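Undergrad: Please work out how this folds:
(chains A and B)
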Amino acid sequence: DAKTTQPTSMDCAEGRAANLPCNHSTISGNEYVYWYRQIHSQGPQYIIHGLKNNETNEMASLIITEDRKSSTLILPHATLRDTAVYYCIVRVAGYNQGGKLIFGQGTELSVKP
Amino acid sequence: EAGVAQSPRYKIIEKRQSVAFWCNPISGHATLYWYQQILGQGPKLLIQFQNNGVVDDSQLPKDRFSAERLKGVDSTLKIQPAKLEDSAVYLCASSLSTALEQYFGPGTRLTVT
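TA: Predicted coordinates for the structure are as follows:
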């Protein structure tokens, strides 16, 4: 079973920031927070991951609370092409060792003009 | 860099028939995964290969599903005989190692009638 809780759906206006929350209150010390998204009729796409520090890449920012029990994925300027299901996943990812990706239901983000 | 290739993209068969799906991972990726995604759900891992060896097949219904990865590159997933509940999208993914992010193919949509 997935070890994360996400809202089922969210709306966001085009050009605004999309903030997608995720609760992972039972996360272990060696588990990372991963975010993937799945655009309709495509395979999932890796977005970002982090352990305890905030992370940023060309796609998004990941903010992890100090107690690591929750996180927020931020798409700074959402476009219509960001409409997708977003999955928050916790998994072990040490040196040469990776746990399963266990997908939950995810959050269906709809970006509206 | 070329992504994960899968074929066919769509397949319709009758129950009790057999079907096979093919996956070509990203060049150099040692780890290969097959997922099943039922409509409205997140992907579920069926089997994971490290080179040509099976790492995890605990969720594979072995009475009807089989998979192989000859020579540690391409892989095939077979269902024989198919049941109605096998209707789903079958996704292939690959990664450089189990610790690193997975790249997904477009999937094969199977409909069993």
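
Undergrad: Which of the helices and strands in chain B ranks last by mean pLDDT?
TA: Taking mean pLDDT, DSSP states H and E as the measure, chain B has strand B:53-56 as its least confident helix or strand, at a mean of 91.

Undergrad: quick one: strands adjacent to that one?
TA: Next to strand B:53-56 in the sheet, as set by DSSP bridges, lie strand B:44-50 (antiparallel).

Undergrad: Rounded mean pLDDT for the strand it pairs with, please.
TA: Strand B:44-50 carries an average pLDDT of 94.

Undergrad: Off-centre distance for it?
TA: The gap between where strand B:44-50 is centred and where its chain is centred comes out at 8 Å by CA atoms, centre = their mean, to the nearest Å.

Undergrad: And it, what's buried?
TA: For strand B:44-50, a neighbour-count test (16 or more other CB atoms under 10 Å in any protein chain shown) marks B:Lys44, B:Leu45, B:Leu46, B:Ile47, B:Gln48, B:Phe49 as buried. In this view, the C-beta of every residue, glycine as well, is placed from N, C-alpha and C.

Undergrad: now the residues you listed in TSV, with distance to A:His24?
TA: Below are the buried residues of strand B:44-50 laid out as TSV (distance: CB to CB, whole Å):
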residue	distance to A:His24
B:Lys44	19
B:Leu45	19
B:Leu46	24
B:Ile47	26
B:Gln48	23
B:Phe49	28
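
Undergrad: Quick check: the farthest pair among the residues you listed?
TA: B:Lys44 and B:Phe49 (16.5 Å; CB to CB).

Undergrad: List the contacts of the residue nearest in space to the middle of chain B.
TA: With distances taken as CA atoms, centre = their mean, the residue of chain B nearest its centroid is B:Trp34 (3.1 Å). By CB atoms under 8 Å, 6 or more residues apart in numbering or on different chains, B:Trp34 lies in contact with B:Cys23, B:Leu45, B:Leu46, B:Ile47, B:Ala67, B:Ser75, B:Leu77, B:Tyr90, B:Leu91, B:Cys92.

Undergrad: Now it: phi and psi?
TA: Per-residue torsions, B:Trp34: phi -120, psi 130 (degrees, to the nearest 10).

Undergrad: Now it: closest residue in space that isn't a chain neighbour?
TA: B:Leu46 (4.6 Å; CB to CB, 6 or more residues apart in numbering or on different chains).

Undergrad: same thing with B:Leu110?
TA: B:Leu110's closest residue in space is B:Lys11 (CB to CB, 6+ apart), at 5.1 Å.

Undergrad: so the one you found sits in a helix?
TA: No. Read with DSSP: H, G, I helix; E, B strand; the rest coil, B:Lys11 is strand and lies in no helix.

Undergrad: Among the contacts of B:Trp34, which are located in strands?
TA: B:Cys23, B:Leu45, B:Leu46, B:Ile47, B:Ala67, B:Ser75, B:Leu77, B:Tyr90, B:Leu91, B:Cys92 (DSSP state E).

Undergrad: Which members of these are classed as buried?
TA: For these, buried by 16+ other CB under 10 Å: B:Cys23, B:Leu45, B:Leu46, B:Ile47, B:Ala67, B:Ser75, B:Leu77, B:Tyr90, B:Leu91, B:Cys92.

Undergrad: dump the residue contacts of the last one.
TA: Read it as B:Cys92. If you count contacts by CB under 8 Å, 6+ apart, B:Cys92 has them with B:4, B:6, B:21, B:23, B:25, B:32-35, B:75, B:77, B:104-105, B:107.
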